[in-house]
Every structure is written in structure tokens, then in C-alpha cells.
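> Output the structure for:
(chains A, B, C and D)
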There are 2 protein chains.
Amino acid sequence: MARAATTADAFNAIAEARRRQILDALAGGERGVNDLVASLDLAQPLVSKHLRVLREVGLVEVREDGRQRLYRLNAESLKPISDWIKNYERLWTQRLDRLDAVLQELRETEHADDSRNE
Amino acid sequence: MARAATTADAFNAIAEARRRQILDALAGGERGVNDLVASLDLAQPLVSKHLRVLREVGLVEVREDGRQRLYRLNAESLKPISDWIKNYERLWTQRLDRLDAVLQELRETEHADDSRNE
DNA sequence: TTGACATATTCCCATATAGACATACGATCG
DNA sequence: CGATCGTATGTCTATATGGGAATATGTCAA
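Residues are numbered from 1 along each chain as shown, chains lettered A, B, ... in the order given. Okay, the predicted model is just below:
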């Protein structure tokens, strides 16, 4: 079997950096294809193809407006990724193995004013 | 150009569901390869191959123990993913049908105090 | 040493890309 | 109507995969 299709799920879709860039661009709001092409400095057919992948996994949605197609982010499709990674966040947040030294250094360097949770 | 290598970065590495399963299994602590093979019901060579990919992107680390190799999670390598997705979380957390209103509110109350959810 | 065990590597194959390029399609304008 | 704009799709290629199978490597035990 080959690699899973890029349209298999959001995990595969966002593996490609360009597609993440597109999502980042759409985070600011609806945008047309040529608009994205200009922003990302990518060939138009490529942008269209990437948008297709993103659409197939539900990460973006389209709306027709005259001869333009306005794409917009559908962030909820990122939730599975967020949910998955959330289980790991504490593993580096509360990583206390040899953190003591680092914390002391940080305390000296940064002089945080409201970090009284220890 | 073909798809980016699975070892290109953590995003590509975790696109494969089996590798996420391996990470999930390692979240509980260090484990040997055969141990993982039994847990995941995967052929041993496959597990070794997946572990190699995960190792190459820094998601796991190995330690030799007799004739076993104990793998453990290096969660920090997931941080780039966590960081990226964090920018989107609020987009579904505060997803009301009238997003415009929310956006305006955000624009007005741009203070760092965001502890008033619900 | 031989053998059992734990893990890694190699070879093969079917599949699917991302990108470049050409072109098709639909909407709008003149 | 024809021309043009905005976008999508098709074709080609190089490349890399995940899985299966066989095998290599390395470690310990008797």
C-alpha cells in the first residue's frame, strides 16, 4: 500500500506546508483564488489543486461570487488534530525532569511578575 | 516533485495513523519494539520502520537495554504542530453563527485577559 | 560454539502524490 | 456575438511511500 491519500483526513491534508499556508491566509477571512495565488506566489493550478484537497477534507468551503470563487476556512475540521495533540501538551508543559535549573535561569532572566503557581 | 518525505517534519510524520498510534502507546512510557508490536497488532518490520521515521524527526528516542531497544516519546517535537494549530482553536471555540459580532468584540477587548469563557 | 531471541534492513510492488504545462470551462464584458 | 477573466481539470514525470516477505544484525544463554 502506498501512503494514505492527502484527502484521507485533515492530518494528511495539512502535512503539506503549502496547504498550511493557504489555511493561514484564509484565517484572515474569505479570499478568492487569484488573491491566494498572489499572496502565496504559487502557480494558479497548484493553488486550485491544494484548495481541492482542503475542500475534500472539509477544511475549507467555497462560495461562488460572479466569476470568482471565494474560499473560506472551516476551522472545525482541524479539531481532530487539536484534540489529538492536546494529550501531549502537558508532556512538555510540565516536563520537570531537569527543569529546575532552567526554571531558575528563567526566573533570573525574565523576572516574571505573576508566576506564583509552583 | 513528489510529496514531501515522511521524515521531512513532524507534520508529515504524524500524518500516518499507525505512527500516531505508536506515539499514543509511548505516551504511557518507555516500551520495547515487540511490546509495541503486540499492542498495535502490526508486523514487526513495520513497527521498526515507523519507529525509524519517528526517530528521524525527533519524535521518539531510543535506549538500548540488553537485546531490547526501548523507545520513548519526545513530546517536544510535537510543539510546532501544537503551536500552529493553537491559532485556530479559538475559531471553533467561540464559533457563533454571527462571527462578525465576535470579531468586533475581540477587536475592542484586545486585552490579554481572556478568562471569561462562558 | 550453537541457538534462541529482539530488532533492523533490504527488495519488491502498487499507489499517489506535487509540480509544470496545456487546456477546458463558466461567467461577464464590450 | 467574441474576447477576456477567474478557475478547474487533465497529462506527464520524478519520487517516495506502506506493506509483505525474506534476511541481516546484534545480544544473550547453554
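
> Quick check, pLDDT for the most centrally placed residue in chain A.
In chain A, the C-alpha nearest the mean C-alpha coordinate belongs to A:Arg20, at 5.4 Å (C-alpha atoms, centre = their mean). You'll see A:Arg20 listed with a pLDDT of 98.

> Equivalent analysis for A:Trp92, please.
83.

> OK, contacts around it?
B:Ala75, B:Glu76, B:Leu78, B:Lys79 (C-beta atoms under 8 Å, 6 or more residues apart in numbering or on different chains). No exception for glycine: its C-beta is placed from N, CA and C like everyone else's.

> Low-confidence ranges, chain A, go.
For chain A, the stretches with pLDDT under 70 are A:94-118.

> What residues sit buried inside the helix ranked longest in it?
Using DSSP state H, we find that the single longest helix of chain A is helix A:79-93. Residues A:Lys79, A:Ile81, A:Ser82, A:Trp84, A:Ile85, A:Tyr88 are the ones in helix A:79-93 that count as buried (16 or more other C-beta atoms under 10 Å in any protein chain shown).

> Which of the contacts of A:Trp92 has the largest number of neighbours?
For those, the largest number of neighbours (other C-beta atoms under 10 Å in any protein chain shown) sits with B:Leu78, at 25 neighbours.

> if I pick the residue nearest to that residue when sequence neighbours are not counted, what's in contact with it?
Closest residue to B:Leu78 apart from its sequence neighbours, by C-beta to C-beta, 6 or more residues apart in numbering or on different chains: A:Tyr88 at 5.2 Å. Shown in contact with A:Tyr88 (C-beta under 8 Å, 6+ apart): B:Leu23, B:Ala27, B:Leu73, B:Ala75, B:Leu78, B:Ser82.

> Just give me the neighbour total for the second one.
So the one you mean is B:Ala27. 13.

> That one and B:Tyr71 touch, don't they?
No. Counting by C-beta atoms under 8 Å, B:Ala27 stays clear of B:Tyr71, with 11.7 Å between them.

> What distance do you get for A:Ala5 to A:Ala15?
From A:Ala5 across to A:Ala15, the span is 11 Å (C-beta to C-beta, to the nearest Å).

> more neighbours, these two?
A:Ala15 (24 against 12).

> so what's A:Leu70 bridging to?
A:Gly32, A:Arg63 (DSSP bridges).

> Can you give me the distance of it to DNA strand D?
7 Å (C-beta to the nearest atom of the strand, to the nearest Å).

> Show the contacting residues for that residue.
Contacts of A:Leu70 were listed using C-beta under 8 Å, 6+ apart, and they are A:Glu30, A:Arg31, A:Gly32, A:Val62, A:Arg63, A:Glu64.

> Need the max-distance pair from the residues you listed.
A:Arg31 and A:Glu64 (14.0 Å; C-beta to C-beta).

> These two: who's more crowded?
Neighbour count, other C-beta under 10 Å: between A:Arg31 and A:Glu64, A:Arg31 has more, with 19 against 8.

> tell me the contacts of that one?
Counting by C-beta under 8 Å, 6+ apart, A:Arg31 has contacts A:Ala25, A:Ser39, A:Leu70, A:Tyr71, A:Arg72.

> Nearest residue to A:Ala5 in space, please, no chain neighbours.
A:Asn12 (6.6 Å).

> anything in the helix or strand encompassing the one you found near DNA strand D?
If you go by DSSP states H and E, A:Asn12 is part of helix A:10-13. No. Between helix A:10-13 and DNA strand D, judged by C-beta under 7 Å from any atom of the strand, nothing touches; the nearest distance is 10.0 Å.

> Thanks a lot, catch you later.
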